[in-house]
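> only geometry, no sequence info:
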C-alpha cells in the first residue's frame, strides 16, 4: 500500500484521480475504506497521510479511426 502526505487544501478525490486515473466506484470504495480517519473533512491538512491501496483498475481503450 502506497502513502501520500497531503498538503494544505488537498482533496481526497483529486488525490485518487491522480493516483489511479479514475474515481469510479471501485477506486472510491477502496480508498475510503483505507482512509476512514480522513472522512470528517472534505479538505485535508498538511501532513495528513492518505493510504493508497493497490487497486486493479480497468481503463477504457481509445481507438483511433482512420479517415481513409
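It's in. Bear in mind that the values here come from a model prediction, so they are computed numbers and not experimental data.
> residue nearest the centroid of this protein?
residue 16 (1.1 Å; C-alpha atoms, centre = their mean).
> so it sits right up against residue 28, yeah?
Yes - the criterion here is C-beta atoms under 8 Å, and residue 16 meets it with residue 28 at 6.8 Å. Heads up, the C-betas are built off the backbone N, CA and C, glycines and all.
> ok so, going back, sec struct for the residue nearest to the centre of the chain, please.
Recorded secondary structure, residue 16: helix (DSSP: H, G, I helix; E, B strand; the rest coil).
> Show the residue spans covered by the strands in the chain.
Along the chain, the segments classed as strands by DSSP state E run 2-5, 49-52.
> Specify the beta-bridge partners of the nearest residue to residue 47 once chain neighbours are set aside.
Of all residues not flanking residue 47 in the chain, residue 5 sits nearest, at 6.3 Å (C-beta to C-beta, 6 or more residues apart in numbering). With DSSP bridges as the criterion, residue 5 is bridged to residue 49.
> Quick check, residue 5 in contact with residue 45.
No - contact criterion C-beta under 8 Å: residue 5 and residue 45 do not qualify, at 10.7 Å.
> Let's have the strands of the chain in CSV, adding mean pLDDT and mean neighbour count.
Listed next are the strands of the chain as CSV, based on pLDDT from 0 to 100; neighbours: other C-beta atoms under 10 Å:
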stretch, mean pLDDT, mean neighbour count
strand 2-5, 96, 11
strand 49-52, 97, 17
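> With distance to residue 21 added, can I get those in a markdown table?
Putting those into a markdown table (distance: least, C-beta to C-beta, whole Å) gives the following:
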| stretch | distance to residue 21 |
| --- | --- |
| strand 2-5 | 14 |
| strand 49-52 | 12 |
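> of those, which approaches residue 41 most closely?
Nearest to residue 41 among the strands of the chain is strand 49-52; the distance by C-beta to C-beta comes to 12.4 Å.
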